[in-house]
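In: With the sequence up front, the predicted model follows.
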Amino acid sequence: MLLSGLLILVGCAEEVPPPSVHDFLDDPNALEAAMVRCAVNRSGTRYDAECVNARQAVSIIEAKEERARRDAFEAQSEAKRAALRRTQQAQAEARRRAEEAERRRTEAAYLAQFGELPPGEDDEEPVDETALNAPTAVIPPPEQDQQLAPTDTTLPPAGSNAPVIDQEPPSDLSDIREELRRRNDESDN
């Protein structure tokens with residue numbers, strides 16, 4: 001009787017199914033234990049359901065980690081591309097500003113030949129173009145005209161751009177020295 005009861009119990013007992021892939025994904029300790037047991041006897045456990053499920057769980061975990069690593073690399077690459085783009089834009093802006101400053105400097109040097117000031121960035125008033133291109137002459141103040149000797153009426157005042165009429169040079173050595181002293185005094189003023 002006892003023996004028949006034992007046989008009935010053994011026959012009715014069901015085999016415990018191996019852990020599924022999801023079970024291994026949820027329990028990393030059970031997965032590690034199964035992988036160690038399967039690694040000990042690879043040829044004997046090649047087709048064991050538990051080892052097959054453990055290997056599939058490991059493949060899924062590795063795929064998730066690879067995807068996360070790839071996403072991190074992609075985010076890092078995008079950040080580097082954005083930083084490079086900002087650097088290139090800053091370089092282009094600096095180059096544009098330098099070219100604009102060089103253009104303004106060249107324009108100011110050109111306009112300075114004609115006695116003009118280049119327009120400023122903040123100038124809003126319209127400028128009379130005809131007044132800017134008017135020729136200018138250096139006219140000495142009236143005091144300087146009165147200081148000239150009556151014999152020098154043919155010489156232009158110092159700093160003037162009036163044409164000079166050539167005169168016959170003085171023939172006497174003392175006259176030449178006097179003329180040189182007078183010219184030196186005028187140039188010092």
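Out: Arrived safely, thanks for sending.
In: Please make it C-alpha for all contacts and neighbour counts, starting now.
Out: Noted.
In: how many other residues sit next to residue 20?
Out: By other Cα atoms under 10 Å, 16 other residues sit near residue 20.
In: Need the phi and psi values for it.
Out: Main-chain dihedrals, residue 20, degrees, to the nearest 10: phi -80, psi 170.
In: Which elements pack onto the helix ranked longest in the chain?
Out: When the chain is scanned for its longest helix (criterion: DSSP state H), the result is helix 49-112. If you count contacts as 3 or more Cα pairs under 8 Å, 6 or more residues apart in numbering; DSSP states H and E, helix 49-112 packs onto helix 21-26, helix 28-40.
In: Next, the angle helix 28-40 makes with it.
Out: Relative orientation of helix 49-112 versus helix 28-40 (axes from the mean of the first three to the mean of the last three Cα atoms, to 10 degrees): 110 degrees.
In: tell me the mean pLDDT for helix 49-112?
Out: Helix 49-112 shows a mean pLDDT of 93.
In: returning to what we had before: I'd like the helices and strands packed on helix 49-112 as TSV, with mean neighbour count, distance to residue 47 and mean pLDDT appended.
Out: Putting these into TSV (neighbours: other Cα atoms under 10 Å; distance: least, Cα to Cα, whole Å; pLDDT from 0 to 100) gives the following:
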stretch	mean neighbour count	distance to residue 47	mean pLDDT
helix 21-26	16	15	92
helix 28-40	15	10	92
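In: want to try TSV for these, with distance to residue 172 as columns?
Out: Compiled in TSV, the helices and strands packed on helix 49-112 are given as follows (distance: least, Cα to Cα, whole Å):
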stretch	distance to residue 172
helix 21-26	121
helix 28-40	121
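In: Quick check: the gap between residue 181 and residue 187.
Out: As defined by Cα to Cα, to the nearest Å, residue 181 lies at a distance of 10 Å from residue 187.
In: Ok, residue 24 next?
Out: Per Cα to Cα, residue 24 is found 104 Å from residue 187.
In: and what of residue 179?
Out: From residue 179 to residue 187 the distance is 12 Å (Cα to Cα).
In: For these two, indicate the residue with more neighbours.
Out: Each of residue 179 and residue 187 has its neighbours counted (other Cα under 10 Å); residue 179 has more, 14 against 10.
In: and residue 46, how many neighbours does it have?
Out: Neighbour tally, residue 46, other Cα under 10 Å: 14.
In: That one contacts residue 52, doesn't it?
Out: Yes - between residue 46 and residue 52 there is a contact under Cα atoms under 8 Å: 7.2 Å.
In: and the residue lying closest to residue 20 once chain neighbours are set aside, what does it touch?
Out: Spatially, and ignoring its direct neighbours in sequence, residue 20 is nearest to residue 53 (5.9 Å; Cα to Cα, 6 or more residues apart in numbering). By Cα atoms under 8 Å, 6 or more residues apart in numbering, the contact list for residue 53 reads 19-21, 24.
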